[in-house]
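Mind looking at a prediction? Sequence and model below.
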Amino acid sequence: MSEYVIAVIFGLVVGSFLNVCIYRIPRNMSIVFPSSRCPFCNNAIRPWDNIPVMSYLLLRGRCRSCKAKISARYPLIEMLNAFLYVAVIWRYGIGWNSLVYAVLCSSMIVITFIDLEFQIIPDRITLAGVPLGLLAGSFFLPDPFMRSDLLGCKASLAGMISGGGFFYLVAVLSRGGMGGGDIKMMAMVGSLMGWKAVFLTTFLGSLVGSVVGVFLIAFKGKGRKTKVPFGPFLALGTLITLFFGQEILMWYLY
């Protein structure tokens, strides 16, 4: 039980940092300096006003200085990150692999919210994730479809090539219909989870994306040419594959 408590606390703290990344990375700002500030009055946020979730509730969702309303997205991201960290411990236990998967989960959160708002997937996340995935996949990450087996160098490399290569091919055939960020993102996912995960993630992301697209056309008056970022759907597919890849494979086979 203690490991879950630690996962929640650590997840909330890191989640607070993810909010900084989501706001600053697409604006080409440093994620380290200056310290956290109110986006409305630019006053520095005091340490006791920066406690994840708790400070938001105590301040009733408003800045202490200017009383501007702060989006509920901030505590929701903190709680979502904590939930995913608990899920990683539940599924994979304590170890270096869980640390890497926690980083992956946090990366998916950042990618999702940046892509929703700016329709970009930052290179500083995906390009850093590819070598991390190759190293971790080669030496200690398990195969998400056979959790007792090591993923291995060949599967990790094949995952990177298939993930990046497949989406690059789609981008070429669709003449720009697929962004470069999606290509690098799937190269990262493939390096961390192997080629089988690339295809399951792509299938799940496309399935959910299609359902959402039909909903937007039918009920929100959107047209077929309306641009919808694909990164959030790929992120969801990645997380489903990470936590339930083995169960989905067994269901499909038997």
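Perfect, thanks for sending it. Numbers count the residues shown, from 1 in each chain.

Tell me which residue is most central in this structure.
The centroid of the chain falls nearest to M108 when counting by C-alpha atoms, centre = their mean (0.4 Å).

how about the nearest residue to that residue, chain neighbours excluded?
With C-beta to C-beta, 6 or more residues apart in numbering as the criterion, M108 has its nearest non-adjacent residue at 4.0 Å, and that residue is A235. Using the backbone N, CA and C atoms, a C-beta is placed for each residue, glycine as well.

again with Y23
Closest to Y23 by C-beta to C-beta, 6+ apart is P39, at 7.0 Å.

sorry, back to before: pull out the buried positions in the strand or helix carrying the residue nearest to the centre of the chain.
Assigned by DSSP states H and E, M108 falls within helix 96-118. By neighbour count on 16 or more other C-beta atoms under 10 Å, the buried set for helix 96-118 is 97-98, 100-115.

Just the CA trace of it, in CSV.
Taking Å, rounded to 0.1, in the frame of the first residue of the first chain, the C-alpha atoms of helix 96-118 are listed here in CSV:
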residue,chain,number,x,y,z
TRP,A,96,13.4,0.8,-13.5
ASN,A,97,10.7,-0.2,-16.1
SER,A,98,8.0,1.5,-14.0
LEU,A,99,10.1,4.7,-13.9
VAL,A,100,10.4,4.7,-17.7
TYR,A,101,6.7,4.0,-18.1
ALA,A,102,5.8,6.8,-15.6
VAL,A,103,7.8,9.2,-17.8
LEU,A,104,6.0,7.8,-20.9
CYS,A,105,2.6,8.4,-19.2
SER,A,106,3.6,12.0,-18.3
SER,A,107,4.8,12.6,-21.9
MET,A,108,1.4,11.4,-23.2
ILE,A,109,-0.4,13.9,-21.0
VAL,A,110,1.9,16.8,-22.2
ILE,A,111,1.6,15.8,-25.8
THR,A,112,-2.2,15.5,-25.6
PHE,A,113,-2.9,18.9,-24.1
ILE,A,114,-0.3,20.8,-26.3
ASP,A,115,-1.6,19.1,-29.4
LEU,A,116,-5.2,19.9,-28.5
GLU,A,117,-4.4,23.6,-28.0
PHE,A,118,-1.6,24.3,-30.6
